[in-house]
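Peer 1: Structure for this input, please:
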Amino acid sequence: MKIKFLLDENLSKNIKNAVIKINSDIDILRVGDSETPPLGTLDPEILNYLEKSQRILITDNRKSMPSHLQDHWQNNQQIWGLFWVKKGTSIKELADSIYLLWETSEANEWINVVDWIPF
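Peer 2: You can find the predicted model right below:
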């Protein structure tokens, strides 16, 4: 199964457009899009959405998300992956990295994996 992505609301709206410009087949949404949780949704609800929608989260929220992620796992729940965006990453670098993930791996390879992007 191909990877599906969710961009956290704290990331630029331009990232989604940059990814789609590379390959319009990539399933990428951003918090606040019509099919996703609304802007301002709390982290635990985002994690539940990720599990149900089988999407990988791309975020730079390193303040509140880590503790909520631990709670999520302690409740025997899973995520389909989470990537922290490295500080100073350009939109182009991030879009290229998302494309590389999508092109070279399958969704089930990232279950409960947390990593940094770009690699």
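
Peer 1: C-alpha only now, for contacts and for neighbours.
Peer 2: Will do.

Peer 1: ok, residues contacting the helix of greatest length in the chain?
Peer 2: For the chain, the helix with the greatest residue count under DSSP state H is helix 91-104. Residues outside helix 91-104 that contact it (CA atoms under 8 Å, 6 or more residues apart in numbering): 2-3, 14-16, 18-19, 22-23, 26, 85, 117-119.

Peer 1: In ChimeraX, how would I select just the buried ones from those residues?
Peer 2: With 16 or more other CA atoms under 10 Å as the criterion, this ChimeraX line picks the buried residues out of these:
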select :3,15,16,18,19,26,85,117,118
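
Peer 1: Out of the contacts of helix 91-104, which comes closest to residue 43?
Peer 2: residue 85 (16.6 Å; CA to CA).

Peer 1: list the contacts for that closest one?
Peer 2: Counting by CA under 8 Å, 6+ apart, residue 85 has contacts 58, 59, 60, 94, 116, 117, 118.

Peer 1: Could you identify the helix or strand that succeeds the longest helix of the chain?
Peer 2: Once the chain leaves helix 91-104, the next helix or strand it forms, by DSSP states H and E, is strand 114-117.

Peer 1: what's the distance between that next one and the middle of its chain?
Peer 2: Centroid separation between strand 114-117 and its chain, computed with CA atoms, centre = their mean, to the nearest Å, is 10 Å.

Peer 1: What is that strand packed up against?
Peer 2: Strand 114-117 sits against strand 82-85, with contacts defined as 3 or more CA pairs under 8 Å, 6 or more residues apart in numbering; DSSP states H and E.

Peer 1: so what's the nearest residue to residue 64 once chain neighbours are set aside up against?
Peer 2: Spatially, and ignoring its direct neighbours in sequence, residue 64 is nearest to residue 43 (7.5 Å; CA to CA, 6 or more residues apart in numbering). For residue 43, the contact set (CA under 8 Å, 6+ apart) comprises 64, 65, 68.

Peer 1: Columns pLDDT and distance to residue 47 on top of the contacts of residue 85, output as CSV?
Peer 2: What follows is the contacts of residue 85, written out as CSV (pLDDT from 0 to 100; distance: CA to CA, whole Å):
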residue, pLDDT, distance to residue 47
58, 98, 12
59, 97, 12
60, 94, 15
94, 98, 21
116, 96, 18
117, 96, 19
118, 94, 22
